[in-house]
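Give me coordinates for this.
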Amino acid sequence: TGGRCDGKVVTGTVPSRWEVDGDRRRLVECTAGYVLVRNDAEPGADQCVRCQVNSYSLIPAYFPARPGERNMATTSIEDALTGGYCLECEIGAFCPGGNVVE
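Numbers count the residues shown, from 1 in each chain. Next comes the predicted model:
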C-alpha cells in the first residue's frame, strides 16, 4: 500500500516517509517488514509492499539505498514479492509476513 492524499497532505498507509520531489511527493522510506516500490515511470504508484507469509525483513527500506546496507527497494510489485528482498522463514520458525519472526 502506498499513501492517501486528501488534496493537501499525503499520509502513508503503513509507517513510511515521503518527501517532495519536484511537484510530487515520493516515497523514500518503509518500515521494517516492507519492500519499497518506486518507479519513475509511475510516480503515483509508490508503495510499501509487505513481506509475504513465510518471509520477513527486520530492516527498513530506503530510496535510495543507504551505503553499506542491504537494498530493499525495487521498481515493481512483482519483483518486491519474488526478488528475494524478504528473507525466507527458517525451519521451525513462525513468519506470518512483515517483520515478525517467532
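
From here on, just use CA atoms for contacts and neighbour counts.
Fine.

Okay, strands next: where are they in the chain?
3-5, 10-12, 16-21, 24-30, 34-37, 47-50, 55-56, 61-62, 73-74, 87-88 (DSSP state E).

if we compare the ones you listed, which one ends up closest to residue 101?
strand 55-56 (7.0 Å; CA to CA).

who are the neighbours of that closest one, in terms of helices and strands?
Counting contacts by 3 or more CA pairs under 8 Å, 6 or more residues apart in numbering; DSSP states H and E, strand 55-56 is packed against strand 87-88.

Now do the strand it packs on: which elements does it pack against?
With contacts taken as 3+ CA pairs under 8 Å, 6+ apart, strand 87-88 sits against strand 55-56.

The strand it packs on pairs with which strands, parallel or anti?
strand 87-88 (antiparallel) (DSSP bridges).

got the contact list for the partner strand?
Strand 87-88 is contacted by residues 54, 55, 56, 57 when judged by CA atoms under 8 Å, 6 or more residues apart in numbering.

Produce a PyMOL select command limited to the buried residues of these.
A single PyMOL command selects the buried members of the contacts of strand 87-88 (16 or more other CA atoms under 10 Å):
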select buried, resi 54+55+56+57
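
nearest to residue 18, of the contacts of strand 87-88?
Minimum distance to residue 18 across the contacts of strand 87-88 is 20.4 Å, recorded for residue 57 (CA to CA).

what's the nearest residue to that closest one if we skip its chain neighbours?
Distances taken as CA to CA, 6 or more residues apart in numbering place residue 33 nearest to residue 57, at 4.5 Å, with adjacent residues excluded.

separation between that neighbour and residue 88?
Residue 33 is 12 Å from residue 88, where distance means CA to CA, to the nearest Å.
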